[in-house]
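Q: fold the following for me, if possible:
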Amino acid sequence: MNNLESIQKRIFQKDDKKLINLLHLLRFKDQKIVFTNGVFDLLHRGHVDYLSRAADLGDVLIVGLNTDRSVKRLGKGDARPIQDEKTRAILLAAMRFVDYVVLFDEETPYDLIEKIKPDVLVKGGDYKIEEIVGADLVLARNGEVKTLDFLPGFSTTNIEKKIKNP
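A: Numbers count the residues shown, from 1 in each chain. The predicted structure follows:
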């Protein structure tokens, strides 16, 4: 198996039976599961910093990735996503500290969080704990909900502006 095939084996659809089996195995091994989600349209240093710090909070980092249709419904603009979901998923899964990527088609990852049952739910520092989708599910299972500050000066919006107005 080549590297790309290995990377692609770590990408799942939300309703993939292989994902359910993987989650059972991780729980059997008593692995601390960390979950975060996002669009991750143009990967940049801020994403790398955020995801690496999220991974440090447990044994396994699972990233929920909005599908292209989901991104359109979020109202991020007609030009978004810039990169298709397959490309975004492969780029995320290629990072050594991202263990698995799961694509979800809904506007929020609530159902996915309910399925994954992470021990730690992570979002960016621009959220308050009570605003984080799925926080109720994680806290009800005695899990943790954390916010991580973003690396200043790095955002997809800033990159987009720079491209449009050099």
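Q: and the strands in this protein?
A: 11-13, 33-38, 60-66, 100-104, 120-124, 144-148 (DSSP state E).
Q: partners of the longest one in the sheet?
A: In this case it means strand 60-66. strand 33-38 (parallel), strand 100-104 (parallel) (DSSP bridges).
Q: return the distance of the first one from the chain's centre.
A: Centroid displacement of strand 33-38 relative to its chain, using C-alpha atoms, centre = their mean, to the nearest Å, is 5 Å.
Q: same check, this time on the last one
A: Taking the mean C-alpha point of strand 100-104 and that of its whole chain, the gap between them comes to 7 Å (C-alpha atoms, centre = their mean).
Q: give the rounded mean pLDDT of it.
A: The average pLDDT within strand 100-104 is 98.
Q: wait, which of the strands of the chain is closest to residue 20?
A: strand 11-13 (9.5 Å; C-beta to C-beta). Every C-beta, even on glycine, is put in place using the N, C-alpha and C of the backbone.
Q: okay, now the sheet partners of the closest one, with direction.
A: Short version: by DSSP bridges, strand 11-13 pairs with strand 100-104 (parallel).
Q: that older thread, dump the strands paired with strand 60-66 into JSON lines; add distance to residue 119 and mean neighbour count as well.
A: As requested, the strands paired with strand 60-66 are exported to JSON lines (distance: least, C-beta to C-beta, whole Å; neighbours: other C-beta atoms under 10 Å):
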{"stretch": "strand 33-38", "distance to residue 119": "5", "mean neighbour count": "23"}
{"stretch": "strand 100-104", "distance to residue 119": "15", "mean neighbour count": "23"}
